Structures are given as structure tokens and as C-alpha cells.
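Undergrad: dropping the sequence and predicted coords here.
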Amino acid sequence: MQIDFEALAEKYGTPLYVYDFDKMTENYRRLKEAFAGEKSLIAYAVKANSNLSVIAHFGRLGSGADCVSIGEVLRARTAGIEPYKIIFSGVGKRDEEIRQALEEGILMINLESEAEMLHVEKVAERLGKEARISIRVNPNVDPKTHPYISTGLHENKFGVEIDMAKRMYIHAKNSPWLDPVGIHFHIGSQLTELSPIREAAGIVADLVRSLAAIGVEIRFFDVGGGLGVVYRDETPIEVEAYAEAVTSAIRGLDLTIICEPGRYLTANAGWLLTRVLYEKRNGAKRFVIVDGAMNDLLRPSLYGAYHRVELLNDTENRGESTPAEVVGPICESGDWLAKDLPLPPTESGDLLLVHSAGAYGFTMASNYNTRGRAAEVACESGTCRLIRDRENFEDQIRLEKGHLEA
């Protein structure tokens with residue numbers, strides 16, 4: 001659908017997140033159809049965009065949820081995701097979180113270490129409830145992505161090596177409180193090359209075969225997420241080729257494939273709208289100061305990430321475009337949204353549209369500098385609606401106590 005960003009900015013203010021739910025639907029269905037003919041579950045990675053309306057939208061399409069905190073598990077349940085479609089991952093689960101997950105009756109808890117397995121076993125025994133588990137295997141495959149979002153090498157904190165995984169599966173098989181139903185790997189995010197995925201799937205599938213030979217019958221083959229998207233000039237992996245790489249690795253095995261996309265579903269279906277406050281120059285350096293900041297969109301400051309930024313206003317007779325740094329009001333030199341961006345002269349009130357902001361945008365936002373987080377709007381089938389109010393000062397201090405006491 002055609003979205004009238006200027007009207008939305010006028011109605012809801014800026015900075016403002018805007019999501020195209022029709023585009024999210026298209027992305028979900030294409031990925032699901034790529035696995036047609038196979039038993040599969042698409043489990044949306046909640047960390048990419050955890051708005052309840054976004055989670056519920058995917059749930060209505062048939063999605064499950066990949067969660068990395070008990071908060072995300074509860075978000076998924078609140079949004080209507082059935083417990084048998086929820087996976088709980090993450091390297092540092094507290095006993096209380098494990099207990100809550102078991103009580104919710106989720107599909108499985110994904111284990112990241114032997115120590116964690118023993119904790120889950122103890123919690124399950126105390127509850128008198130068998131825990132369905134998967135083990136995250138680290139296949140030591142270079143994903144060829146940004147080091148901050150690489151997760152499949154031995155130097156990363158995620159998962160266990162093959163030999164350790166085998167020992168863990170044998171322990172789980174022999175435990176009355178653990179049911180090893182799945183196996184998991186996720187080598188990194190923003191993947192744009194197919195060969196690391198194919199290699200990792202082959203390594204883990206071979207492990208499944210060796211486990212079957214000793215009586216450990218795996219039912220779920222969880223390939224994680226990580227499909228890359230276009231931010232600037234990347235060539236993304238075709239989902240059909242991705243599905244073929246996974247399915248060919250497990251040929252002959254009776255497994256349900258679980259795929260955990262996040263960025264692929266939401267990144268290019270979301271934008272951040274921000275208004276120009278004014279311009280300034282420090283010598284030859286030109287700054288366009290806007291009302292959006294690193295607390296609204298952290299990726300540029302955190303990763304040096306590129307987001308295309310578009311000036312929406314009519315720029316005729318504005319003059320020649322020159323390089324500018326788009327910066328926000330945060331009291332940090334690292335507060336920027338774009339660098340060396342060719343822009344014509346801007347005026348106070350102009351609107352800038354930051355593209356590809358639907359994943360790891362609002363979900364990484366903060367109240368740094370006591371700034372309220374942005375409002376969020378969803379557009380679907382020709383209409384747009386508010387799905388999260390803008391935070392005000394009272395929202396931010398509501399949980400603080402004792403500030404007026406002597």
C-alpha cells in the first residue's frame with residue numbers, strides 16, 4: 001500500500017515508527033511456501049520487533065515464536081501464540097525463568113551449555129515436570145557477517161561443540177526429567193551467503209544421524225534465523241535456495257524444520273520518521289539536527305550500520321546537495337543516523353524517512369537522556385492505526401520510588 005508518511009507525522013508526531021503489515025505478510029508467506037512439502041514451523045524471532053501487534057500478526061498467519069527471555073515468552077503468549085509453538089533460547093536463563101517456561105508448557109527450551117542443562121534438569125525435577133529440550137550446536141562455521149552478530153564460531157559465546165553436544169544428548173536421554181526432542185544451530189545474523197548455511201546444516205544433520213544410531217531420536221531440526229536483507233547494496237539469499245540447502249541436508253530423516261526469521265520478516269517493512277530541527281556548521285562540517293536519536297535507532301551508533309535516509313519534502317529550488325551528518329539531540333558524539341549523506345539545504349520541519357528500520361529499531365530503543373520512546377503505527381489493507389503510544393515523562397518515572405524522601 002502507499003503510505004502517506006507526512007499525514008502520519010502530522011497526526012502522531014515524530015520520531016515515529018511505521019510498519020507495513022502487508023509487506024510482513026508477503027515475507028512470511030514466501031518463506032513458508034519455500035518449505036512446502038516439508039514439515040515446518042516458522043517461529044518469528046521476537047527480539048527483532050517485539051510489539052504485541054507485530055507478534056499477533058504473525059501468529060494469525062500461523063507463526064510460532066523464538067524467544068530469548070521469559071519476557072518474550074510471556075509477550076508471545078499475550079499475543080496469542082500457542083505454547084506448543086514457542087522456543088525459549090538464550091545463554092543465561094535464571095531458574096525462575098526456566099520454571100515459568102516449563103509451567104507455560106512451551107515446545108522446548110534450547111540449551112546453550114552443560115551447566116544450563118543441569119539447571120533445567122533440577123528445576124524440572126522440583127516441579128515434577130519433564131522438560132522438552134533442544135541443544136544449540138556450534139558448528140564452527142564462519143557466517144561472513146559483522147562480528148557482533150556472528151554466533152557460530154568457537155570464539156562466540158553461543159552453543160556447544162559437537163562432542164559436548166553428544167555427551168549432553170546421552171545425559172538427557174538417560175534422565176527422567178529431560179526429553180531431548182530437538183537440535184538447534186544459528187550461525188549469525190544478516191547472512192548473505194548460502195555456503196555457510198549449507199555447511200552448518202550438513203554438519204548438524206550428520207550429528208542427528210549419529211545420535212539416532214545410539215537411540216536419541218530428534219524430532220525438530222531448528223535452523224535458527226539470520227537471513228539477510230537489503231540495507232544498501234547487499235544481494236540477499238533467495239529463500240527458495242535457502243530452503244533447498246536445509247532440506248537437502250536432512251534428506252532421509254523424519255524431522256520437522258523450524259526456522260526463526262526476524263529481520264527478514266520485518267526490517268524492510270518498517271521506517272523511522274524524524275523531523276529536521278535545524279542545521280549547523282562547524283567549519284566545513286555540515287550537521288542536520290533531527291528529533292530522532294540513537295535512543296530511537298541504535299544500529300548506526302552500535303554497529304556503524306547503514307540505513308538509507310530520504311528527504312520527503314519538495315526539494316526544488318533548494319540548492320545543491322552537499323554531504324551532511326544527520327544527528328540527534330542526545331548528548332553523545334556517537335549520536336548519528338547517517339554520515340556523508342548528500343542532502344539539499346534543509347529547513348526546520350522537513351521530514352526525513354529512515355528506511356529498513358522495522359527490525360532492531362524500536363526494540364533496541366531506550367530512555368537515555370530521559371527521552372520518551374517513539375510511538376508505533378501499523379498500516380494494513382489501506383488503513384493505518386496506532387499500536388503503541390508515545391511515552392511521556394510520567395511513563396518514564398512511574399516505577400521510580402522514594403525520590404521525594406529526605
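TA: Arrived safely.
Undergrad: what sits against the nearest residue to residue 103 once chain neighbours are set aside?
TA: Nearest residue to residue 103, sequence neighbours excluded (Cβ to Cβ, 6 or more residues apart in numbering): residue 127, at 7.3 Å. All C-beta spots, glycine's among them, are computed from the backbone N, C-alpha and C. By Cβ atoms under 8 Å, 6 or more residues apart in numbering, residue 127 lies in contact with 99, 102, 103.
Undergrad: for the helix or strand containing the second one, buried residues please.
TA: In other words, residue 102. Assigned by DSSP states H and E, residue 102 belongs to helix 95-104. Neighbour counts over helix 95-104 (16 or more other Cβ atoms under 10 Å) mark 97, 98, 99, 100, 101, 102 as buried.
Undergrad: now those as JSON lines including distance to residue 131?
TA: Converted to JSON lines, the buried residues of helix 95-104 look like this (distance: Cβ to Cβ, whole Å):
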{"residue": "97", "distance to residue 131": "13"}
{"residue": "98", "distance to residue 131": "8"}
{"residue": "99", "distance to residue 131": "10"}
{"residue": "100", "distance to residue 131": "12"}
{"residue": "101", "distance to residue 131": "9"}
{"residue": "102", "distance to residue 131": "6"}
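Undergrad: ok, so of the residues you listed, who is nearest residue 397?
TA: Of all the buried residues of helix 95-104, residue 97 has the smallest distance to residue 397: 27.2 Å, by Cβ to Cβ.
Undergrad: I figured the closest one hits residue 69, correct?
TA: Yes: look at residue 97 against residue 69 with Cβ atoms under 8 Å: they come within range, at 7.2 Å.
Undergrad: excluding chain neighbours, what is closest to the spatially most central residue of the chain?
TA: Taking Cα atoms, centre = their mean, the centroid of the chain lies closest to residue 48, which sits 2.2 Å from it. Using Cβ to Cβ, 6+ apart and skipping residues adjacent in sequence, the residue nearest residue 48 is residue 262, 2.9 Å away.
Undergrad: got the buried residues for the lengthiest strand in the chain?
TA: As assigned by DSSP state E, the longest strand anywhere in the chain is strand 270-282. Residues 270, 271, 272, 273, 274, 275, 276, 277, 279 are the ones in strand 270-282 that count as buried (16+ other Cβ under 10 Å).
Undergrad: now do the buried residues in stretch 374-391.
TA: Buried residues in stretch 374-391, counted by 16+ other Cβ under 10 Å: 374, 375, 376, 377, 378, 379, 380, 384, 387, 388, 390.
Undergrad: list the contacts of the closest residue to residue 369 other than its chain neighbours.
TA: When the adjacent residues along the chain are set aside, residue 369 lies closest to residue 330, with 5.4 Å between them (Cβ to Cβ, 6+ apart). Shown in contact with residue 330 (Cβ under 8 Å, 6+ apart): 293, 294, 295, 368, 369, 371.
Undergrad: which of those residues are buried, as a ChimeraX select command?
TA: Buried subset of the contacts of residue 330, written as a ChimeraX selection, criterion 16+ other Cβ under 10 Å:
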select :293,294,295,371
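Undergrad: with distance to residue 134 added, can I get the contacts of residue 330 in a markdown table?
TA: Listed next are the contacts of residue 330 as a markdown table, based on distance: Cβ to Cβ, whole Å:
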| residue | distance to residue 134 |
| --- | --- |
| 293 | 39 |
| 294 | 36 |
| 295 | 35 |
| 368 | 36 |
| 369 | 41 |
| 371 | 39 |
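Undergrad: closest to residue 344 among the contacts of residue 330?
TA: Nearest to residue 344 among the contacts of residue 330 is residue 293, at 22.6 Å by Cβ to Cβ.
Undergrad: the closest one and residue 365: what is the separation?
TA: Distance of residue 293 to residue 365, computed by Cβ to Cβ, to the nearest Å: 10 Å.
Undergrad: do residue 84 as well
TA: In terms of Cβ to Cβ, residue 84 sits 31 Å off from residue 365.
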